[in-house]
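A.B. asks: A predicted structure for the sequence below; I have some questions about it.
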Amino acid sequence: TIAGKVTLDASIKYTLSSSYIVKSGGELVIPAGTKIEAAAGGTDVYIAILKGGKIDIQGTAAMPVVISSVAAKPGDWGGLTICGSATTTAGVDAKAEVGGFIYGGTNDADNSGSVKYLVIKGTGAQINTDSQYNGVSLYAVGSGTTIENVSIINGKDDGIEFFGGTVSAKNVYLENNADDS
C-alpha cells in the first residue's frame, strides 16, 4: 500500500505477487516499456487505485506497458481497478464488489490519472459465485481521467467494466474475454 508517489523503472522487470494499492494522495507512475509479471495468485494479486489516488501509465505505441501472468490464462490474477469520485447510481461512498473499495461522489470532473498504451493479459480471478475481477474495473471514474489505447486479452470475466462515472475510453481492444467485452 502506498500513499506517496512511486515511479517504476522501465529497465526493471517487476513481479506483482500480491495486491498493490494506491491510497488517496498516492500516485503510481509506470513509464513506457515497463513489463510487470503478475503471479497467478487469483484474487490476491491486483492493482487498485483508491478514491483520491492516481495512476500514470505512460506507454506508447512502440513501447506499451504490459501487465500479464506468465501463461496469460484467464483468471490468473485480478487486474486493474480504479475508484473515483464521479457520480454513480450507487451513490456517494458506495462499496465495490471488487475489494470492497469505496467509490462515488459528486465530482464528475474527478481525475484519477492517465492510462495510455496498456496491455493486460490473464485477468478475471473469481471472487465468489457472483463476482469476478475484470481486466479493468472503473468505479465512478471522472472525466478528468484519460483512458486510451488499452488492450485487454484473455480475461475470465469482462474486459473492461464501468460502474457509473463520466470517464471516456478511446481505442480499447478486447480479445478472448469470457463475459462481456
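C.D. replies: Right, received. Where do you want to start? Numbers count the residues shown, from 1 in each chain.

A.B. asks: Not counting sequence-adjacent ones, nearest residue to S19?
C.D. replies: Sequence neighbours aside, Y46 is the residue nearest to S19 in space, at 5.6 Å (criterion: C-beta to C-beta, 6 or more residues apart in numbering). The way it works is simple: take the backbone N, C-alpha and C, and place the C-beta from them, glycine included.

A.B. asks: Apologies, that question was intended for G142.
C.D. replies: D110 (2.8 Å).

A.B. asks: Ok, G84 next?
C.D. replies: Here the nearest residue to G84 in space, its sequence neighbours aside, is V141; by C-beta to C-beta, 6+ apart that works out to 3.9 Å.

A.B. asks: I'd say the one you found and G165 touch.
C.D. replies: Yes: V141 sits in contact with G165 when judged by C-beta atoms under 8 Å, with a separation of 4.4 Å.

A.B. asks: any common contacting residues for the two?
C.D. replies: Common neighbours of V141 and G165 (criterion: C-beta atoms under 8 Å, 6 or more residues apart in numbering): 84, 86.

A.B. asks: who's more crowded, these two?
C.D. replies: Higher neighbour count among V141 and G165: V141, with 32 against 26, using other C-beta atoms under 10 Å.

A.B. asks: what's around K5, how many residues?
C.D. replies: 13.

A.B. asks: Now do it against G25, distance only.
C.D. replies: As for K5, its distance to G25 is 9 Å (criterion: C-beta to C-beta, to the nearest Å).

A.B. asks: List the residues that contact I160.
C.D. replies: When contacts are taken as C-beta under 8 Å, 6+ apart, I160 is in contact with 134-138, 150, 152, 169, 172, 174, 181.

A.B. asks: In terms of pLDDT, where does the most centrally placed residue in the chain sit?
C.D. replies: Ranked by distance to the mean C-alpha position of the chain (C-alpha atoms, centre = their mean), the top residue is L80 at 2.1 Å. L80 is assigned a pLDDT of 97 by the prediction.

A.B. asks: which residues does it bridge with?
C.D. replies: Applying DSSP bridges to L80 gives these bridge partners: I47, V136.

A.B. asks: Can you check the pLDDT for D130?
C.D. replies: 78.

A.B. asks: For it, which non-adjacent residue is spatially closest?
C.D. replies: The spatially closest residue to D130, leaving aside those adjacent along the chain, is E97, at 7.9 Å (C-beta to C-beta, 6+ apart).

A.B. asks: Isn't the one you found up against Y139?
C.D. replies: No: between E97 and Y139 there is no contact, the gap being 9.3 Å when judged by C-beta under 8 Å.

A.B. asks: In terms of neighbours, single out the busier of those two.
C.D. replies: More neighbours surround Y139 than the other of E97 and Y139, with 32 against 15 (other C-beta under 10 Å).

A.B. asks: Please give me every residue in contact with that one.
C.D. replies: Residues counted as contacts of Y139 (C-beta under 8 Å, 6+ apart) are 81-84, 88, 94, 96, 98, 101, 103-104, 163-165.
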